[in-house]
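Asks: sequence? don't have it. structure:
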């Protein structure tokens, strides 16, 4: 079976790698390491299809070490042992360069089995991962490696790759291929920063276009049909999920309805209705809160409606609620107050509940002061009376500060007049 187009035209020189200028421009640390041929243990971190494997292959070609490849999704401990057995043999006289793709799928024991050999230099490790290595890679491996983050490519970086793909197919098959800039742009925009996805689409366009008068004319309609539906990377257990939900809530908190709707759309397109609903409710309580307390039941009703009708109709009540949250006045006074109270509890600042608040109406013989002495606020003017509610140890603790919004300032003025 023919290798995918992305493999057939994989660059062999750094200057031909698309994007990653922050790593591969002349004078950058990784560029200098590769050009000097002195390669330390490396971890490449970033989304799929952005050049991690390509750069590792270029590194392998620039060293005189024996290249071995493993993939964390299917490699076993025996595979590691087989590679280790080659050390100091005729097959690997100068050591081994091990490219370990998807290292996050290696368990701790498998990662530990490499430690001795990467420390003494018998194995040079280049590992790649789509997940944050500081969460998924064993700390001892991390401490012996240098981490470089690869970024999703911009559309402008992918356009040359798409054109090169069409030209390669033209030369490879000796068939004229016609396409216009709109086709190239459609593919480049639709791949979500993933060169591999873009080149797969190029090849699919070629295969799906009939031969007419000895040439293939790739249309915008064909490109549109074949561009993969998802223009983003999304894994409910991965970094992309947490980045999107974080941006979603921060956009609502930052009062930007357009950005909030964008991230809501990404969640809904990925089918992640629960995350869209959960963060929306949290934001209504945490970031709008007492500035507009009525928003909490309103958002709850919108979420209940969305969960009842399901997608795609759920997008409508959720969009209404997201816009409402984003454009509402903001206050985190309630969230800040409970966090301060929790901080006291967790640091041991508590104490016995004052006698007048306890749920008992009699005293033992040892009680110095008889009687509960609770003052019922409704029996006093304005339904308020001064008395101690906090334990003696923290009787002067202060958690809540009125927010600088119309609603809370009105409450503040009301209580200042009474108290």
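Replies: Good, I have the coordinates. Since this is a predicted model, take the numbers as computed values, not measurements.

Asks: And for residue 93, the neighbour number?
Replies: For residue 93, the count of nearby residues is 12 (other C-beta atoms under 10 Å). Any C-beta I mention is one placed from the backbone N, CA and C, and that applies to glycine too.

Asks: er, residue 126 I mean
Replies: Residue 126: 26 neighbours (other C-beta under 10 Å).

Asks: OK, contacts around it?
Replies: Shown in contact with residue 126 (C-beta atoms under 8 Å, 6 or more residues apart in numbering): 39, 41, 42, 43, 44, 56, 59, 97, 98, 99, 100.

Asks: Can you give me the pLDDT of it?
Replies: At residue 126, the model reports a pLDDT of 92.

Asks: ok, now residue 239?
Replies: For residue 239, the pLDDT comes out at 59.

Asks: What of the one 4 residues further on?
Replies: With respect to pLDDT, residue 243 scores 85.

Asks: would it count as being in a strand?
Replies: No: read with DSSP: H, G, I helix; E, B strand; the rest coil, residue 243 is helix and lies in no strand.

Asks: from the contacts of residue 126, which is closest to residue 383?
Replies: residue 43 (63.3 Å; C-beta to C-beta).

Asks: Report the beta-bridge partner residues of that closest one.
Replies: residue 127, residue 147 (DSSP bridges).

Asks: wait, what's in contact with it?
Replies: 103, 126-129, 133, 137, 141-142, 145-148.

Asks: among those, who's most crowded?
Replies: Comparing the contacts of residue 43 by number of neighbours (other C-beta under 10 Å), residue 127 comes first, having 30 neighbours.

Asks: ok, now which ones touch that residue?
Replies: 42, 43, 44, 99, 100, 101, 103, 133, 137, 141, 145.

Asks: Could you pull up phi and psi at the fifth one?
Replies: In other words, residue 100. Residue 100 adopts backbone torsions of phi -110, psi 100, taken as degrees, to the nearest 10.

Asks: just to revisit the earlier point, as JSON lines, the contacts of residue 127 with distance to residue 91 and pLDDT would be great.
Replies: Shown next, in JSON lines, are those (distance: C-beta to C-beta, whole Å; pLDDT from 0 to 100):
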{"residue": "42", "distance to residue 91": "23", "pLDDT": "93"}
{"residue": "43", "distance to residue 91": "26", "pLDDT": "93"}
{"residue": "44", "distance to residue 91": "26", "pLDDT": "92"}
{"residue": "99", "distance to residue 91": "17", "pLDDT": "89"}
{"residue": "100", "distance to residue 91": "19", "pLDDT": "90"}
{"residue": "101", "distance to residue 91": "21", "pLDDT": "88"}
{"residue": "103", "distance to residue 91": "24", "pLDDT": "89"}
{"residue": "133", "distance to residue 91": "30", "pLDDT": "87"}
{"residue": "137", "distance to residue 91": "28", "pLDDT": "88"}
{"residue": "141", "distance to residue 91": "25", "pLDDT": "90"}
{"residue": "145", "distance to residue 91": "25", "pLDDT": "91"}
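
Asks: If we only consider these, which is nearest to residue 263?
Replies: Out of the contacts of residue 127, the member with the shortest distance to residue 263 (by C-beta to C-beta) is residue 133, at 25.0 Å.

Asks: Residue 124: how many residues sit nearby?
Replies: Residue 124 has 21 neighbouring residues, counting by other C-beta under 10 Å.

Asks: That one: what's it in contact with?
Replies: 39, 40, 41, 63, 65, 95, 96, 97, 98, 118.

Asks: Could you list the low-confidence segments of the stretch 1-150 of the chain?
Replies: By pLDDT under 70, the low-scoring segments of the stretch 1-150 of the chain are 1.

Asks: what's the following helix or strand after the longest helix belonging to the chain?
Replies: Scanning the chain for the helix with the most residues, using DSSP state H, yields helix 155-173. From helix 155-173 onward toward the C-terminus, using DSSP states H and E, the following helix or strand is strand 176-178.

Asks: Counting by contacts, list what that next one packs against.
Replies: Under the contact definition 3 or more C-beta pairs under 8 Å, 6 or more residues apart in numbering; DSSP states H and E, strand 176-178 sits against helix 155-173, strand 215-217.

Asks: Can you mark which positions in the last one are buried?
Replies: The neighbour-count criterion (16 or more other C-beta atoms under 10 Å) identifies 216, 217 as the buried residues of strand 215-217.

Asks: cool, and stretch 36-44?
Replies: By 16+ other C-beta under 10 Å, the buried positions in stretch 36-44 come out as 39, 41, 42, 43, 44.

Asks: again, but for stretch 283-300
Replies: In terms of neighbour count (16+ other C-beta under 10 Å), stretch 283-300 has its buried residues at 283-292, 295, 298-300.

Asks: Quick check: of those, which lies closest to residue 217?
Replies: residue 283 (49.3 Å).

Asks: The closest one is in what secondary structure piece?
Replies: Using DSSP H and E, the element containing residue 283 is helix 273-283.

Asks: could you point out which element follows that helix?
Replies: Following helix 273-283 in sequence order, the next helix or strand is helix 295-309 (DSSP H and E).
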